[in-house]
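S.K.: Let's see this in three dimensions:
(one chain, ligands or ions: 5)
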Amino acid sequence: MLFSSSLTKLALLAAAAAGVIAGPTARGVPAGFVTTKGTQFELDGKPFAFVGANSYWLPLLLTQTDVEKTFSTMAKAGVKVLRTWGFNAINDTELAGAKESGLTYYQVWNSSTYALNTGSQGLERLDNVIETAGKYGIKIILAFTNNWVGYGGSDLYIDWISGATTHDVFFTDSRIVSAYQSYVRTIVERYKSSPNIFAWELMNEARCSSDSFPSGPLCTPASGAQSLTKWYKQQSDFVKNLDPNHLVTTGGEGHFFWTHPRTYWSNGQLISDYNWNGQAGEDFDRNLQIPNIDFVTYHLYPQSWYPELDFPGSNWTAASWGLEWISDHINAGNKANKPVILEEFGVGGLENKTEIYPTWVQHALDTKHAIMPWQFGELGLTEDGGNRIIKYADAILNGASPNDGNTFYSNQTAVWNIFTRAAKIQASRSL
Ligand SMILES: *[C@@H]1O[C@H](CO)[C@@H](O)[C@H](O)[C@H]1NC(C)=O
Ligand SMILES: *[C@@H]1O[C@H](CO)[C@@H](O)[C@H](O)[C@H]1NC(C)=O
Ligand SMILES: *[C@@H]1O[C@H](CO)[C@@H](O)[C@H](O)[C@H]1NC(C)=O
Ligand SMILES: *[C@@H]1O[C@H](CO)[C@@H](O)[C@H](O)[C@H]1NC(C)=O
Ligand SMILES: *[C@@H]1O[C@H](CO)[C@@H](O)[C@H](O)[C@H]1NC(C)=O
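M.R.: Ligands and ions are numbered 1, 2, ... in the order given. From the prediction side, this is the model:
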């Protein structure tokens, strides 16, 4: 339902001024903005169920032809929501190379403050992606930074501002929090009036540790620090004060902190499972309670999370593990009466995808929640003749977007059809 009376707006403004913001269901928003109602999303007062796509590389494309081509394929596949990165940061030592290769960059670090690039190789590219999305009826979940090194994540803030050697300082050092917030402010102010934004995402896969740094002793819920939950609360309040109309989410992997975590057997030993014992830093149930977190995300990669269990004859299967993981998140969302999104999931290899995805997708559809496979692939990209090294191992090869093993393309019809079929079912629920 839409509350558009000026009374509601005044109440919201007063609440915002007082630092207390009305809950996610009681918001009056402009036309075309997504809201939540209980565990479901709504668009202009009607149910909004969807299949989404992940494509972090879209703002890295060099030509409008390729951007349009990608959105057009997504739209034909029934994709309604795209998740991509709202960050691309480099060290100044990379600047010359970036200029030469055409690499998209928004922040350049060369001291304890970064330089913002609003130019044609900077935020103008993101502007264009967000604007083009609207032409194809697609809304964007935009992440503000990365837990991981990819495309200049949180560790660059740590390197340049604090020099600390543990990753958890990202969540607690007030100088780092200010720098993060100054970037967040730039992005939010830039797009806050756009109906093409589905939601703001505080960080991709926040954890107490990263790929460069370990965690300090005080970060996890078990340590009593609850650093991630506190950070989510602080940042979601910050974003809602800037923009009360768009949804805000975590971007987390969805780890639980259960009193009695799930366990598994490995080499005859019963192991307390990392995904349920809070060791990574998140507490999914508490994150659902944060007032300005409108919905919470979770990810699903059993093959890379449990490589030691993935062998013939083990007690374990990726398919059934995934079903349990989905159920646990659905139950948590139902308990908190907020939506959850299966925001990333993937397995390697075409056969595994064809075999495993239908059961996961069906379970998600049966429990009425949105899914966003990792990751959407595009064929026939034309820039640099269809071949370009972007950064890291990311490359466009023979016109195909980067393939990390989880990418699926329209030529892989058995996999493609799983998602186009699901998109049709979701669309039929959105009328
Ligand atoms: C960026 O520069 C900082 C400071 O020189 C350095 O510590 C860090 O390793 C660099 N990071 C990357 C990703 O290049
Ligand atoms: C980074 O700082 C150094 C030292 O102040 C300066 O020489 C260099 O030009 C700066 N690089 C950029 C890209 O601003
Ligand atoms: C399978 O589970 C049983 C307990 O149910 C355990 O004793 C055994 O070690 C497990 N096997 C493997 C290969 O993990
Ligand atoms: C497919 O799944 C099997 C069993 O889970 C796994 O061992 C294998 O590595 C997967 N294939 C690819 C290409 O990832
Ligand atoms: C689909 O395209 C990808 C990327 O170019 C290629 O690697 C793959 O072999 C193709 N698959 C089929 C089934 O044609």
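S.K.: And the residue of the stretch 201-350 of the chain closest to ligand 5?
M.R.: The stretch 201-350 of the chain approaches ligand 5 most closely through residue 350 (7.5 Å), counting by CB to the nearest ligand atom. To be clear about C-beta, it is placed using only N, CA and C from the backbone, and glycine gets the same treatment.
S.K.: what's the spacing between that residue and residue 342?
M.R.: Separation of residue 350 from residue 342 (CB to CB, to the nearest Å): 21 Å.
S.K.: With neighbour numbers in mind, choose between these two.
M.R.: Ranked by neighbour count (other CB atoms under 10 Å), residue 350 and residue 342 place residue 342 first, with 26 against 12.
S.K.: Not counting sequence-adjacent ones, nearest residue to that one?
M.R.: Distance criterion CB to CB, 6 or more residues apart in numbering; nearest residue to residue 342, sequence neighbours excluded, is residue 371 at 4.6 Å.
S.K.: Relative to residue 65, how far out is the one you found?
M.R.: For residue 371 relative to residue 65 (CB to CB), the value is 29 Å.
S.K.: same question for stretch 194-211, mean pLDDT?
M.R.: The pLDDT scores in stretch 194-211 average 98.
S.K.: got the buried residues for that stretch?
M.R.: By neighbour count with 16 or more other CB atoms under 10 Å, stretch 194-211 contains the buried residues 194-210.
S.K.: which among those residues are in contact with ligand 3?
M.R.: Contacts with ligand 3 within the buried residues of stretch 194-211, counted by CB under 6 Å from any ligand atom: none were found.
S.K.: Filter those down to the ones in strands?
M.R.: Members of those lying in strands (criterion: DSSP state E): 197, 198, 199, 200, 201.
S.K.: give the contact list for the first one.
M.R.: In other words, residue 197. When contacts are counted by CB atoms under 8 Å, 6 or more residues apart in numbering, residue 197 touches 130, 139, 140, 142, 191, 246.
S.K.: Tell me what the nearest residue in space to the last one that is not next to it in sequence is bridged to.
M.R.: Just to be clear, that refers to residue 246. Distance criterion CB to CB, 6+ apart; nearest residue to residue 246, sequence neighbours excluded, is residue 197 at 5.3 Å. Beta bridges link residue 197 to residue 140, judged by DSSP bridges.
S.K.: spatially speaking, which residue is in the middle of the protein?
M.R.: By CA atoms, centre = their mean, the mean C-alpha position of the chain lies nearest to residue 251, the distance being 4.2 Å.
S.K.: For that residue, what is the enclosing helix or strand?
M.R.: Assessed by DSSP states H and E, residue 251 sits outside every helix and strand.
S.K.: Any idea what the closest residue to it other than its chain neighbours is bridged to?
M.R.: Leaving aside its chain neighbours, residue 251 sits nearest to residue 201 (4.0 Å; criterion: CB to CB, 6+ apart). Using DSSP bridges, the bridge partners assigned to residue 201 are residue 143, residue 249.
S.K.: same check, this time on residue 83
M.R.: Beta-bridge partners of residue 83, as defined by DSSP bridges: residue 54, residue 141.
S.K.: Let me see the contact set for it.
M.R.: So residue 83 contacts 52, 53, 54, 55, 140, 141, 142, 143, 201, 343, 344, 372 (CB under 8 Å, 6+ apart).
S.K.: Can you give me the neighbour number for the residue nearest to the fourth one when sequence neighbours are not counted?
M.R.: Spatially, and ignoring its direct neighbours in sequence, residue 55 is nearest to residue 376 (4.9 Å; CB to CB, 6+ apart). Taking other CB under 10 Å as the criterion, the count of residues near residue 376 is 26.
S.K.: And residue 376, how close does it get to residue 403?
M.R.: 11 Å.
S.K.: Please apply the same query to residue 159.
M.R.: Applying CB to CB to residue 159 and residue 403 gives a distance of 30 Å.
S.K.: for residue 430, same thing?
M.R.: 31 Å.
S.K.: One more: residue 168?
M.R.: Residue 168 is 33 Å from residue 403, by CB to CB.
S.K.: So between these two, which is more surrounded?
M.R.: A side-by-side neighbour count of residue 168 and residue 403, using other CB under 10 Å, places residue 168 first with 27 against 16.
S.K.: what's the closest non-adjacent residue to residue 144?
M.R.: Per CB to CB, 6+ apart, closest to residue 144 is residue 184, 5.1 Å.
S.K.: what packs against the helix or strand hosting that neighbour?
M.R.: Using DSSP H and E, residue 184 falls within helix 174-191. Judged by 3 or more CB pairs under 8 Å, 6 or more residues apart in numbering; DSSP states H and E, helix 174-191 is in contact with strand 114-116, helix 123-135, helix 154-157, helix 169-172, strand 197-201, helix 227-242.
S.K.: So what's the residue count around the residue nearest to residue 340 when sequence neighbours are not counted?
M.R.: The spatially closest residue to residue 340, leaving aside those adjacent along the chain, is residue 333, at 3.8 Å (CB to CB, 6+ apart). Applying the criterion other CB under 10 Å, we find 23 residues in the vicinity of residue 333.
S.K.: One more: residue 131?
M.R.: Neighbour tally, residue 131, other CB under 10 Å: 13.
S.K.: residues contacting it?
M.R.: Taking CB under 8 Å, 6+ apart as the test, what residue 131 contacts is residue 196.
S.K.: How about the residues of the chain by ligand 5?
M.R.: Checking the chain against ligand 5 by CB under 6 Å from any ligand atom, the hits are 379, 398, 400, 409, 411, 412.
S.K.: Which pair in those residues has the greatest spatial separation?
M.R.: 398 and 412 (14.9 Å; CB to CB).
S.K.: More neighbours: which of those two?
M.R.: Just comparing residue 398 and residue 412: by other CB under 10 Å the higher neighbour count belongs to residue 412, 14 against 10.
S.K.: Skipping adjacent residues, who's closest to the more buried one in space?
M.R.: For residue 412, the closest residue by CB to CB, 6+ apart turns out to be residue 350, at 6.0 Å.
S.K.: how close does the one you found get to ligand 4?
M.R.: 8 Å (CB to the nearest ligand atom, to the nearest Å).
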